[in-house]
Structures are given as C-alpha cells and as structure tokens.
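>>> Sequence unavailable; structure follows:
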C-alpha cells in the first residue's frame, strides 16, 4: 500500500480533525485479492494505518474476523457477472452481518468487485451503510475533494471541506 | 445429508482429480484431506447448490467426475482461498474449482463472464466494456479540462497517456470512465500531491481480466501479455493496479 508509505513520508499530510466532532464510524473490507491472495497481512496493516490516520483511531471499527482471515464478500471470481444474483446475495449474507455488527456508517472498499458487491448488499439487506473508496477519504481529509467527487458519500459528508 | 446412497461405478482409468493433480505443484495436496471441515465452516458458499468445499473434494476423491464438472457451484465459489488458508493440510481446493470451471464448454459458461472476456479482445485497450482507448482519452481529457478550469489550485493537474519513461503505469477499471468518471479525479490529485511520475497506457489500460474468471488459460495469458507490453513499451518501472 503506497498510501501508508506516502503518509509516513509526509507527502500526504492527512489528519482526522474533520471527524473529531462528527465521530462518524468506519470499517474496512480486506479484499481477498489484495490481502490473502497477494500481499498478506502487511498490506492489511498498511491499510489500517492509513485509515486510522484519516478517520481517527477511535472511529475505526474492525470486522471479525479480518485481515488474511477475512471472509470474501462474494463479488470476486466473476460472481457479479455470472447471472446468479440470488446465490451471490446468499453468499454475501455473512459479510453483510459482519458489517452490521460493527455498526459503522461507512465501509471502505479498496477493490472494485468488493465495492459493487457491498453496495448491492447494503441496499438489498437494508443495512444503510455507505461504501467508499480510500481515495475519496484521503482527499476529504486533505480538503481537496471536489463537489462532484462525492457520489458515494452520505449526506453527512457532502459539505465537509467545501468553501460554501 | 445425501438423500440416497451414492453409487460408485467400477474403478475409473483416470479420475478428474488425477488430471488436476498432475498440473498442480505437490499435486495440490488433493489426497491429503482429513475431513475436518475447517474449509466448509468458514466458506460463505457453503450450502449453495447443496455443496461446500469438503463435499466437492470428496466428490473428486470418489471419482464423481460428471457431477464435479457440471455443478454450477463452480461459479458460486469465488476462489477466495480462505479454505486453503485455514486448511491444516494446505489442500488447493480453489485450483480444483478453477479446473472444474475450465472443464465447462465455453458456450455453457456464464454468459456475463464470457461476454466480458470476449469484449476485452475487441481492441488493444483490453476493456471488458468494449471501451476503446480513444473513448477513454476523450473522457479523461474533457474531465481534466473541467477540473483545471473549475477547481481552484488544480490548474496544473495532469492525467497523461503514454508518457515514455514514467515511473508508474496506472490502470483503470472500465467502470470509471464508463459510469462514474468523477471517481478518477481524487486519485489524480493524490498522485499529483505526492509528486508521482505516472501515466496511463493506451495499450491495455483496462484493469479487469474476465478470462481469468472464465478459467481460460490461453485468453488469460493473452490479456496479461497485452497489459504487460503496454507497460514495457513505455519503459515504466511499476504497474499500478487501482484500488
């Protein structure tokens, strides 16, 4: 995860001041491809380092189990395009339960398949949680997130960091 | 539980399991199952089509090749590798599933996956949505211009294509230029801020690879070679696969 390196090197001076009073809770999806199948727990730890800097350590709630032991969301392996919607949602039930147990308002999903699947699960099982990319939160924290770049943010974050 | 006893018909000359063992390192440990069930208890696909990883491995051991190579469960398992991660014998069930998928004739495989894999072959962008590099360049250029004009402090933001000798070649999932182009901008800003020397490549810019999901080794290699040559042509050091 280059993000964690760049934060440590001072090139991305993110901070969690914006969330000090809001106290919005975030959880994180460990993508199977990125963590268990490729870079292992080191990548999972790097992601957590970045997320905690961005949203505040006290506002990050991990799922159980997590990191290399995380459950697949059901968006991988082509499941989203396999025409088996009911089975895909049944598969995703365990992930939806995991997310709901954290009571977080946002899930950070650093993978496109995860992003699509979690978004669908949130709607289908009416969890109401939002699914966001890491890049959105980095820019939000840096005060450089444009007005049009907030599609996946909820109403609570639509105005944060905008001038008027 | 099975509703009736499973009947095994005579000893087969070569089981599907044996063929898969031949192509996997250490034979994928496919004969080493202790039937502990750790795989199935932590598998989100357990129960779908009345199957689970342990049952599938048992079917393979019993030589139930016909059932094994036709069950739609092969497309319900995402090959996420949690089963092998927790397996005390490190049995490569995901590779067994990959080869179960590969055993399906192309016209019987899920149309969505095959369609995406074929769309990626239409031109040298490799896009599963069939987007050409020209279309993406146009989208990127228009969007970049808009940001430069309308967002204060980003007058010099860049999103180059085919910049020779750049350190990073960044790929992009087709979904963004096609469906939510504004989602590309935050990453451009981050790369600008850290001073990264990056570029998109017109050749093989699309991040996705559906030929891998359809378990077609030849098409998989073709797709990866396309992407790799896009990076090599520019002499870049790193290939960045987006979030």
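That came through, no problem. Every value quoted in this text rests on a predicted model; they were computed, and no experiment measured them. Numbers count the residues shown, from 1 in each chain, chains lettered A, B, ... in the order given.

>>> Count the residues that sit near the residue of chain B found nearest chain A.
When scored by C-beta to the nearest C-beta, chain B has residue B:213 as its residue closest to chain A, at 3.0 Å. Where you see a C-beta, it was placed from the backbone N, CA and C, and this is true even at glycine. Counted with other C-beta atoms under 10 Å in any protein chain shown, the neighbours of residue B:213 add up to 30.

>>> Just to check, it is in contact with residue A:77?
Yes. Taking C-beta atoms under 8 Å as the definition, residue B:213 is a contact partner of residue A:77 at 5.8 Å.

>>> Let me see the ranges of the strands in chain B.
B:168-170, B:198-199, B:238-240 (DSSP state E).

>>> Could you export those strands as CSV, including mean neighbour count and distance to chain A?
As requested, the strands of chain B are exported to CSV (neighbours: other C-beta atoms under 10 Å in any protein chain shown; distance: least, C-beta to the nearest C-beta, whole Å):
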stretch, mean neighbour count, distance to chain A
strand B:168-170, 22, 9
strand B:198-199, 22, 11
strand B:238-240, 16, 8
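
>>> Kindly state the pLDDT recorded for the nearest residue to residue A:20 once chain neighbours are set aside?
Leaving aside its chain neighbours, residue A:20 sits nearest to residue A:56 (6.8 Å; criterion: C-beta to C-beta, 6 or more residues apart in numbering or on different chains). Note on residue A:56: pLDDT of 98.

>>> isn't residue A:56 right up against residue A:18?
No. Residue A:56 lies out of contact with residue A:18 (C-beta under 8 Å); the separation is 9.1 Å.

>>> nearest spatial neighbour of the residue of chain A found nearest chain B, skipping sequence neighbours?
Here the residue of chain A nearest chain B is residue A:78; by C-beta to the nearest C-beta that distance is 3.0 Å. With C-beta to C-beta, 6+ apart as the criterion, residue A:78 has its nearest non-adjacent residue at 3.0 Å, and that residue is residue B:213.

>>> Name all residues that make contact with that neighbour.
Residue B:213 makes contact with A:77-78, A:81, B:113, B:117, according to C-beta atoms under 8 Å, 6 or more residues apart in numbering or on different chains.

>>> Pipe those residues into TSV and attach neighbour count per row.
Formatted as TSV, those follow (neighbours: other C-beta atoms under 10 Å in any protein chain shown):
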residue	neighbour count
A:77	28
A:78	26
A:81	22
B:113	26
B:117	26
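
>>> neighbours around residue B:4, how many?
Neighbours around residue B:4, by other C-beta under 10 Å: 5.

>>> So what does it have for phi and psi?
When read as degrees, to the nearest 10, the backbone of residue B:4 gives phi -140, psi 160.

>>> quick one: it from residue A:15, how far?
For residue B:4, the distance to residue A:15 (C-beta to C-beta, to the nearest Å) stands at 64 Å.

>>> domains for chain B, by residue range?
Using automatic domain parsing, the domain parsing of chain B gives B:16-104, B:113-240.

>>> Low-confidence stretches in chain B?
B:1-2, B:8-13, B:243 (pLDDT under 70).

>>> which one in it is furthest away from the centre?
residue B:152 (38.7 Å; C-alpha atoms, centre = their mean).

>>> what sits opposite the spatially most central residue of chain A in the beta ladder?
Geometric centre of chain A, nearest residue: residue A:108, 0.4 Å, by C-alpha atoms, centre = their mean. Residue A:108 forms beta bridges with residue A:28, residue A:132, as assigned by DSSP bridges.

>>> wait, it sits on residue A:25?
No. Residue A:108 is not in contact with residue A:25 according to C-beta under 8 Å; the separation is 11.4 Å.

>>> Spell out which residues sit in contact with residue A:137, please.
Residue A:137 touches A:26, A:51, A:54-55, A:108, counting by C-beta under 8 Å, 6+ apart.

>>> repeat that for 7 Å
Residue A:137 is in contact with A:54-55, A:108, counting by C-beta atoms under 7 Å, 6 or more residues apart in numbering or on different chains.

>>> Residue B:207 too?
So residue B:207 contacts B:171-173, B:241-242 (C-beta under 7 Å, 6+ apart).

>>> related to what we said a few turns ago, tabulate the strands of chain B in TSV, adding columns for distance to residue B:177.
Putting the strands of chain B into TSV (distance: least, C-beta to C-beta, whole Å) gives the following:
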stretch	distance to residue B:177
strand B:168-170	13
strand B:198-199	16
strand B:238-240	16
